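Student: need coordinates for the following:
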Amino acid sequence: MMEITCVINGAARKIAFEPNEKLLHVLRREGYFGVKDGCCEGHCGTCTVLVNGRPVKSCMMFAAQAKGKEIVTIEGIGTVQKPHPIQRAFAEEGAVQCGFCTPGMILSTKALLDKTPNPTEDDVRNALDGVLCRCTGYHRILNAVQTSAKYLKEAKK
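Tutor: Predicted coordinates:
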């Protein structure tokens, strides 16, 4: 077993794992079930988390690589009682049909809007390119990202 310290959703954590374990499986074992186990091959993006602010497919990252890093899962950005503006926008725009891709979509959106507060449609498409949705057809998701940008601007006023 190996052990590292990292920050998960703002809290310092020590996590133990086997040397070849992927971050996805360790996070789920630690109770972060919003990190979805889709393909385990880096194709679907349902396991996306933010690592030092960048979207990362956790099924492709060894847990050992998280040493000293800041990890944000969907559980770390809002609650049912107090959703993050991005979560609110996704719900209002109907971009959450089955919900399986939603954590990856929302975290990829957060990473985009943290760097590009006024994204073009191409910016949005590029940012969400690695997260597959099988339900919505993407139109509602694109709208949700633009609504998210609007809500975040309003929150800064």
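Student: tell me how far the spatially most central residue of the chain lies from residue 19.
Tutor: Among the residues of the chain, the one closest to the centroid is residue 107, at 2.9 Å (Cα atoms, centre = their mean). Separation of residue 107 from residue 19 (Cβ to Cβ, to the nearest Å) stands at 26 Å. In short, each C-beta sits where N, CA and C put it, glycine included.
Student: now residue 106
Tutor: Applying Cβ to Cβ to residue 106 and residue 19 gives a distance of 31 Å.
Student: neighbour count winner among these two?
Tutor: Taking other Cβ atoms under 10 Å, residue 106 and residue 19 do not tie; residue 106 has more neighbours (28 against 9).
Student: can I assume that one sits in a helix?
Tutor: Yes. When DSSP: H, G, I helix; E, B strand; the rest coil is applied, residue 106 is found to be in a helix.
Student: for it, which non-adjacent residue is closest in space?
Tutor: Excluding the flanking residues, the one nearest residue 106 by Cβ to Cβ, 6 or more residues apart in numbering is residue 86, at 5.3 Å.
Student: the one you found against residue 108, yeah?
Tutor: No. In this structure, residue 86 is not within contact of residue 108 by Cβ atoms under 8 Å, at 10.0 Å.
Student: would you mark the buried spots in whichever strand or helix holds residue 122?
Tutor: Element membership of residue 122 [criterion: DSSP states H and E] is helix 121-128. For helix 121-128, burial by neighbour count (16 or more other Cβ atoms under 10 Å) applies to 124, 127-128.
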